[in-house]
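1. Sequence first, predicted model second:
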Amino acid sequence: MRSDPPLTLRQTGPGLVHLVSTGAGPLGGDRLELVIDVGPGTDLEVRSVASTLVLPGSSPGDSVMMVDARVGAGASLRFSPEPTVLAAGCSHRMAVRLSLAEDATVLWREEIVFGRHGERPGRCRTRFDATVAGWPLLRQELLIGDPAVDASPAVYGDARCVGSTLIAGPAWDAERDQKGERRATIGDGWATLPLAGPGVLASALAQDTVELRARLERAESMADVYATSWQEKTELAVPQRTPAVDAGP
């Protein structure tokens, strides 16, 4: 595990890592990159100790946050940092490349707040690309802080924050689901959408972060509706690989 300020990694428990901001930012012109590699058969959870405040800087360029994550065979990753706050005047880009092995599992949550209290948000463009065994699972872009977009009641309305969670793995493979429960579930400010591949996307809008988290967790809880039961997963599982020989202690 290796890192440098302003984004520092700290192992805080077995299989648990926290992101710690050890400097201001991201600031305009900063380019930060986080690489996560979850080895086969292992479990990792990544959190953060506080929200990330994106600020304008002296440089005219955008600030950039790139996350490249790979989850190996039989491994699981839970990525759930605190929200990203877009301060007025910032210009930020966020990009995630998530690559899953065929039998890997992930919960990936992102929350974005439109500015600090009483201020308009800066500008932000996010891009999320997830693949499973090399096949596309989710391609999603989001633009915040563009007057043409923000003014439309069909986009954010009067919401002040937005969040989404990708939940993916063999249990959410539509091709193995024999129950036929593949319709979207929609609630007050949230929705749970089954994907064409082995995954579900939970999304929410809200006036504040407390309401956003509650709505997002509600949407995440509905992902169980789309998961096959343990018995079904066992019966419909892909052919088993040849077991490794136990060499003893």
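-> Okay, I see it. Numbers count the residues shown, from 1 in each chain.
2. Could you report the neighbour count for Asp158?
-> Neighbour count for Asp158, taken as other Cβ atoms under 10 Å: 7. C-beta here means a position set from N, CA and C on the backbone, and glycine is covered the same way.
3. ok, now Leu55?
-> 19.
4. what's the spacing between it and Cys90?
-> 6 Å (Cβ to Cβ, to the nearest Å).
5. go on, Thr22?
-> Thr22 is 20 Å from Cys90, by Cβ to Cβ.
6. Of the two, which one has the most company?
-> Neighbours per residue, other Cβ under 10 Å: of Thr22 and Cys90, the larger number sits with Cys90, 24 against 12.
7. so what's the backbone phi/psi at that one?
-> Dihedral pair for Cys90: phi -80, psi 160, per degrees, to the nearest 10.
8. coming back round to it: need the overlap of contacts for Leu55 and Cys90.
-> The contact sets of Leu55 and Cys90 overlap at Gly28 (Cβ atoms under 8 Å, 6 or more residues apart in numbering).
9. who's in contact with stretch 41-53?
-> By Cβ under 8 Å, 6+ apart, stretch 41-53 touches 15-21, 24, 26, 36, 38, 72-85, 87, 113, 116.
10. So for that stretch, mean pLDDT?
-> Stretch 41-53 carries an average pLDDT of 96.
11. for stretch 134-142, same thing?
-> Rounded mean pLDDT across stretch 134-142 is 96.
12. How about that stretch, which residues are buried there?
-> Judged by neighbour count (16 or more other Cβ atoms under 10 Å), stretch 134-142 contains these buried residues: Leu137, Leu138, Leu142.
13. Identify the bridge partners of the second one.
-> So that's Leu138. Ala130 (DSSP bridges).
14. what does the last one give?
-> When bridges are called by DSSP bridges, Leu142 pairs up with Thr126.
15. I'd like to check what contacts the longest helix along the chain. Which residues are they?
-> Identified as the longest helix of the chain according to DSSP state H is helix 209-221. With Cβ under 8 Å, 6+ apart as the test, helix 209-221 has contacts from 83, 107, 109, 111, 113, 161-165, 167, 185, 187-192, 202-206.
16. again, 6 Å this time
-> Pro83, Cys161, Gly163, Thr165, Gly189, Trp190, Thr192, Ala202, Ala204, Ala206 (Cβ atoms under 6 Å, 6 or more residues apart in numbering).
17. Select only the buried ones of those residues in ChimeraX?
-> Entered in ChimeraX, the line below selects the buried ones among those, by 16+ other Cβ under 10 Å:
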select :83,161,163,165,189,190,192,202,204,206
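18. Among the contacts of helix 209-221, which one lies nearest to Ala154?
-> Nearest to Ala154 among these: Gly189, at 14.7 Å, using Cβ to Cβ.
19. pretty sure the closest one contacts Leu205?
-> Yes. Between Gly189 and Leu205 there is a contact under Cβ atoms under 6 Å: 5.2 Å.
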